[in-house]
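1. could you work out the structure for the sequence below:
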Amino acid sequence: MSVHVIDEAKRCLQCKNPRCRQGCPINTNIPEMIRLFKEDQLMEAATMLFENNPLSVVCSLVCNHEQQCQGHCVRGIKETPVHISAIENYISDSCFDRLVLEKAPDNGKRVAIIGAGPAGITIALCLSMKGYRITIFEGNAKIGGVLRYGIPEFRLPKSILDRYEKRMRDMGIQFRMNFTIGGAVSIQDLLDDGYSSVFIGTGAWRPKRMHIPGETFGNVCYGINYLKDPAAYNLGDTVRVIGAGNSAMDVARTAIRHGVRNVYIYSVTPQPVASEEEVSLAKLDGAEFIFGKTAVEIREDGIIEAEVAQTEDGRFEPVAGTEQFQPASHVIICISQVPKDKLINRDHELKATGRGTLVTDEQGETTMEGVFASGDVVTGAKTVVEAVRRSKEIARVMDEYMSNS
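-> Sure, this is the predicted structure:
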C-alpha cells in the first residue's frame, strides 16, 4: 500500500484550479494534502484533514469517490484518475491515534447529543474541542450508528469506530449506551437538567415498505435490519434483493459472504442507483441483476415479479399481464429508510415533514428551541460525508447559540 500511494501522489498535477476539490462535498484541500504527503509532512496533512473532516478515516473508505473527488480528477479525462481516496486513507488512518487534539478550556456548558452516528460523532468532536461538556445518548451498545450497523465489515472495519470511541472518551466525552431518548426520558428532561442545547442525530432506521401481499411473511426481512446482524438470519440458498442502491449492494455482498449461493438484485431502472464501483463489486462477488422488474407479491417459496413502466410523474408501476413466479428462500427489501417517530411522539414541540424527517430551519434548529438536528433524521438516507458537512455547520451555529444565551 505504501508504494502504491506514493506512486499515486506523484501522479497529482497540483492543478491551480483543482477540480478534485470542487467535487468533494466537504471541500477537502486535496492538492495541499498531497503536497504535504510528498514532502514527508504526514502529521501536518493528517491534522489538516481532521480539522476539515473529523471522519476523514471513514469517508476515505465509504465515500462515492468515483462521482466526487476522483471523478473530477483532470487525469481521468484521458487516463486513470489519481487514487485520492487511498492517499487520504493512508494519511488519516496511520496518524489518527497520534493526532494532537488541543481543546479549549472547559466553558462549563453541557450539550446532549442523541445518537452516535456520523452526525452525532461530528458534533461531539467539534463542540468538545471548543470546551463544551458532551454527553452522548446511544441506543446501541457501541458507537457508529449506520457506520457500524449499516455498513459491512469488509467495507468499513469496526475497529476504526472503536478507535474513535477511545479518542472521544480520552477527550472527556461521556456516553450513555443502550439508552434511548424518547422513552422514559424526553428531550425536555435534558433541557430541564441544564443542558445548554441538544443535538439530534438519530438517523433513519425505519425501513420503507413496499405495501405488497406477503411482506410480513417469515421469509422476508428489510435490508437495514439484515445488515445490523447478518448472523441472526438463515437465508437459505436463493435470495432476491428488491432495490438497487448502495445498501442493496451491501446486502447482496454480505449474503454471499454468509453462504447464499444465488443472489438476485432487482432494479426498476436500466442502471442501478448504486455507484458504479459498488455494482461492479457486487457482480464480481456473484450477484446477478434483473432490470426493469420488481416484486408485486411475496410467497413463502418465492416472489411474483412483474415488469415495470415509468409513469409521467416519474414513478415506476408494474405492467399488468407480465407477472411471473420466481423461487426464493428469502426476500430482502431494500428501498431506503425513514426516521423513526419516537422523539416527536414524546416531545410534541418537535415537528416532522410528511416524509417523517425532522423540520429544521436553515440553521439546523428544530421547532423546539435550543434543539438542533442534522444527518439522515433531517434529510432521509443520504451519504456519510453530507452528514459530516452539514453537522460541521450546525456545530458552529450551536456554539453561537450557546455563547449568546
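
2. do you know how far residue 11 is from residue 244?
-> Distance, residue 11 to residue 244, by CB to CB, to the nearest Å: 33 Å. Heads up, the C-betas are built off the backbone N, CA and C, glycines and all.

3. please apply the same query to residue 325.
-> Residue 325 is 21 Å from residue 244, by CB to CB.

4. next: residue 393.
-> 31 Å.

5. residue 11 and residue 244: which is more packed in?
-> residue 244 (26 against 14; other CB atoms under 10 Å).

6. that one and residue 264 touch, don't they?
-> No - the criterion here is CB atoms under 8 Å, and residue 244 misses it with residue 264 at 10.9 Å.

7. common neighbours of the two, please.
-> residue 289 (CB atoms under 8 Å, 6 or more residues apart in numbering).

8. spatially nearest residue to the residue positioned nearest the centre of the chain (excluding sequence neighbours)?
-> By CA atoms, centre = their mean, the chain has its centre lying nearest to residue 384, at 3.9 Å. Of all residues not flanking residue 384 in the chain, residue 118 sits nearest, at 4.9 Å (CB to CB, 6 or more residues apart in numbering).

9. let me know the pLDDT of the one you found.
-> Residue 118 is assigned 97 on the pLDDT scale.

10. what number of residues lie near it?
-> For residue 118, the tally of surrounding residues (other CB under 10 Å) stands at 29.

11. distance check, it against residue 32.
-> 24 Å.

12. for residue 92, same thing?
-> 14 Å.

13. who has more neighbours out of the two?
-> Neighbour tally, residue 92 and residue 32, criterion other CB under 10 Å: the higher count belongs to residue 92, 24 against 16.

14. at which residues are the strands of the stretch 1-150 of the chain located?
-> Secondary structure of the stretch 1-150 of the chain (DSSP state E, counting those that start in this stretch): strands at 110-114, 133-137.

15. what are the buried residues along stretch 26-45?
-> 26, 28, 29, 30, 31, 32, 33, 34, 36, 37, 44, 45 (16 or more other CB atoms under 10 Å).

16. what sits up against that stretch?
-> 5, 9-10, 12, 14-15, 18, 20-21, 24, 48-49, 52-53, 56, 59, 69, 82, 84, 87-88, 91, 94-95, 98-99, 385, 388-389, 392.

17. which ones among these lie within helices?
-> 5, 9-10, 20-21, 48-49, 52, 56, 59, 69, 84, 87-88, 91, 94-95, 385, 388-389, 392 (DSSP state H).

18. out of those, which are buried?
-> Here, 16+ other CB under 10 Å leaves 5, 9, 20-21, 48-49, 52, 56, 59, 69, 84, 87-88, 91, 95, 385, 388-389, 392 buried among those.

19. tell me the helices and strands packed up against the longest strand along the chain.
-> Secondary structure of the chain per DSSP state E: the longest strand is strand 302-310. Judged by 3 or more CB pairs under 8 Å, 6 or more residues apart in numbering; DSSP states H and E, the packing partners of strand 302-310 are strand 293-299, strand 316-318, strand 324-327.

20. count the residues that sit near residue 167.
-> Applying other CB under 10 Å, we find 15 residues neighbouring residue 167.

21. can you check residue 229 too?
-> Per other CB under 10 Å, the neighbour tally for residue 229 reads 9.

22. for residue 291, list the residues it contacts.
-> Residue 291 sits next to 267, 269, 270 when contact means CB under 8 Å, 6+ apart.

23. who wins for most neighbours among those?
-> In terms of neighbours by other CB under 10 Å, the contacts of residue 291 top out with residue 267 at 24 neighbours.

24. quick one: that one and residue 289, what's the gap?
-> Plainly put, residue 267 is 6 Å away from residue 289 if you go by CB to CB.

25. cool, and residue 274?
-> Note on residue 274: its distance to residue 289, by CB to CB, is 10 Å.

26. now the common contact residues for the two.
-> residue 244.

27. looking at these two, which one has more neighbours?
-> Remark: of residue 274 and residue 289, residue 274 carries more neighbours, 23 against 17, as counted by other CB under 10 Å.
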